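In: please find the sequence and the predicted model below.
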Amino acid sequence: MLDQRLLQPVWWEENEQGVYVGLIDQTLLPQQTKHLRLTSEVEVAEAIRALRVRGAPAIGAAAAFGLVLGLARQVRERGETLGLVEAREQLQAIGALLTTTRPTAVNLAWAIKRLLRCVDENFALVRNAQELQRVLLAEARAIVQEDHDACERMGELGAALLAEGDTVLTHCNAGALATMGIGTALAPIYVAHNAGKRVHVLVDETRPLLQGSRLTAWELQRAGVPLTLITDNMAGSFMRQGRVQAVFVGADCIAANGDVANKIGTYSVAVLASVHQIPFYVVAPTSTFDLSLSSGEQIPVEQRKPEEVTSVRGSIIAPEGVNVTNPAFDVTPHQYITALITEKGIFRAPYEALLRNVW
Ligand SMILES: CSC[C@H]1O[C@H](OP(=O)(O)O)[C@H](O)[C@@H]1O
């Protein structure tokens with residue numbers, strides 16, 4: 001069974017000493033399971049930027065808690081002197097700080113916008129900043145619960161697409177560590193496994209930050225799900241040998257026409273699956289969709305520092321001064337996607353009509 005402590009890789013903590021955002025530092029997994037206690041929105045922003053907490057829904061939750069933490073810090077320091085007008089201005093500034101940490105995963109901006117909307121809706125109803133803080137914490141916790149429930153629903157829907165004895169390939173980590181529930185791409189695998197269906201997972205290591213080998217393999221192994229770790233360049237050969245029956249991946253942003261931004265390397269896996277006529281499923285909650293974007297061309301792709309490519313855990317693997325590019329994501333056109341599995345149902349092409357009708 002999945003380790004229940006992984007179901008919430010980021011959380012809110014309050015005690016007599018103060019308030020904190022707690023999280024599992026995912027940069028240290030799998031060797032070390034270290035919990036951090038963050039005391040300011042600046043620390044939360046750094047944790048998101050450094051992928052101590054990562055995965056679209058998880059960073060959405062972290063940003064929401066970070067916004068509340070920023071207000072709580074002001075309330076503790078300023079007390080009655082912090083008026084509601086100033087509190088709202090502070091929240092807008094904190095929201096801007098958190099939103100700029102990672103541009104691709106739409107859940108982050110979505111969560112911040114939702115909490116700032118909550119400020120406006122409750123502005124005339126609360127008496128002071130402390131009451132506003134409580135309202136916002138409740139909204140952040142609602143986001144967490146909704147994502148938890150969405151993961152369960154996507155797991156049920158996706159598990160029905162898996163047959164006894166299937167081998168499923170997955171890329172990066174879209175499991176419990178990336179969400180506030182049992183995951184997105186891994187949710188159908190957990191549900192099928194727990195229902196007694198024999199499913200084997202081929203785990204792409206996922207260069208450069210190795211979310212597959214470090215996080216997905218770790219999660220699945222602890223849950224007792226059979227897996228085989230492979231390097232990214234093995235996926236095509238295993239598909240050609242008929243050793244892959246389906247691909248399940250997560251998403252960081254889905255445009256209105258069904259184009260999907262996900263971890264770099266996803267597009268290559270999608271093209272390989274298409275050539276070998278293997279179903280390619282994207283599992284994502286509706287909070288990962290941005291219907292204001294007409295296609296994947298409009299999705300901003302995060303560029304990360306070269307050191308992530310030229311070294312692994314501090315060991316240099318490339319010549320000094322070599323030219324490097326390090327896009328964290330790529331875009332898979334909807335033509336390569338067999339279906340989008342969401343908590344609202346399974347959508348197949350043509351996505352645009354469906355998505356506009358459902359939302
Ligand atoms: C369920 S969202 C998981 C999604 O996020 C990952 O990116 P990162 O590790 O950089 O946050 C990857 O794209 C996963 O598919």
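Out: Cool, got the structure. Residues are numbered from 1 along each chain as shown.
In: does Glu14 count as helix, strand or coil?
Out: Under the three-state scheme (DSSP: H, G, I helix; E, B strand; the rest coil), the conformation of Glu14 reads as strand.
In: how far away is it from the ligand?
Out: Distance, Glu14 to the ligand, using C-beta to the nearest ligand atom, to the nearest Å: 27 Å. (Glycine included, C-beta is placed from N, CA and C.)
In: which phi and psi does the spatially closest residue to that residue that is not a sequence neighbour have?
Out: With sequence-adjacent residues excluded and distances taken as C-beta to C-beta, 6 or more residues apart in numbering, Glu14 is closest to Tyr20, at 7.6 Å. With angles defined as degrees, to the nearest 10, Tyr20 sits at phi -140, psi 160.
In: backbone dihedrals for the residue of the stretch 1-150 of the chain found nearest the ligand, please?
Out: Sorted by distance to the ligand under C-beta to the nearest ligand atom, the residues of the stretch 1-150 of the chain start with Arg54, at 3.4 Å. The phi and psi values for Arg54, taken as degrees, to the nearest 10, are phi -150, psi 170.
In: hmm, it is touching Ile24, no?
Out: No - with contact defined as C-beta atoms under 8 Å, Arg54 does not reach Ile24; the gap is 10.6 Å.
In: from the chain's centroid, how far away is the longest helix anywhere in the chain?
Out: Of all the elements of type helix in the chain, the one with the most residues (DSSP state H) is helix 129-159. Computed by C-alpha atoms, centre = their mean, to the nearest Å, the separation of helix 129-159 from the middle of its chain amounts to 14 Å.
In: got the contact list for Ala328?
Out: Ala328 sits next to Thr104, Lys263, Ile264, Val301, Glu302, Gln303, Arg304 when contact means C-beta atoms under 8 Å, 6 or more residues apart in numbering.
In: show me where the stretch 51-200 of the chain has strands.
Out: Counting by DSSP state E, counting those that start in this stretch, the stretch 51-200 of the chain has strands at residues 167-170, 200-204.
In: can you lay out those strands as a markdown table showing distance to Leu227?
Out: As requested, the strands of the stretch 51-200 of the chain are exported to a markdown table (distance: least, C-beta to C-beta, whole Å):
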| stretch | distance to Leu227 |
| --- | --- |
| strand 167-170 | 9 |
| strand 200-204 | 4 |
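In: around the ligand, pick out the residues from the protein.
Out: 54-57, 172, 174, 178-179, 184, 211, 249-250, 252, 262-263, 328 (C-beta under 6 Å from any ligand atom).
In: among those residues, name the ones in helices.
Out: Secondary structure assignment (DSSP H) places Ala56, Pro57, Gln211 from those within helices.
In: for the last one, which non-adjacent residue is spatially closest?
Out: Read it as Gln211. Excluding the flanking residues, the one nearest Gln211 by C-beta to C-beta, 6+ apart is Asn173, at 4.0 Å.
In: what's around that neighbour, how many residues?
Out: The burial metric for Asn173, expressed as a neighbour count using other C-beta atoms under 10 Å, is 32.
In: for it, give me its contacts.
Out: Contact criterion C-beta under 8 Å, 6+ apart gives Arg54, Gly55, Leu186, Thr206, Gln211, Gly212, Arg214, Leu215, Thr216, Glu219 as the residues in contact with Asn173.
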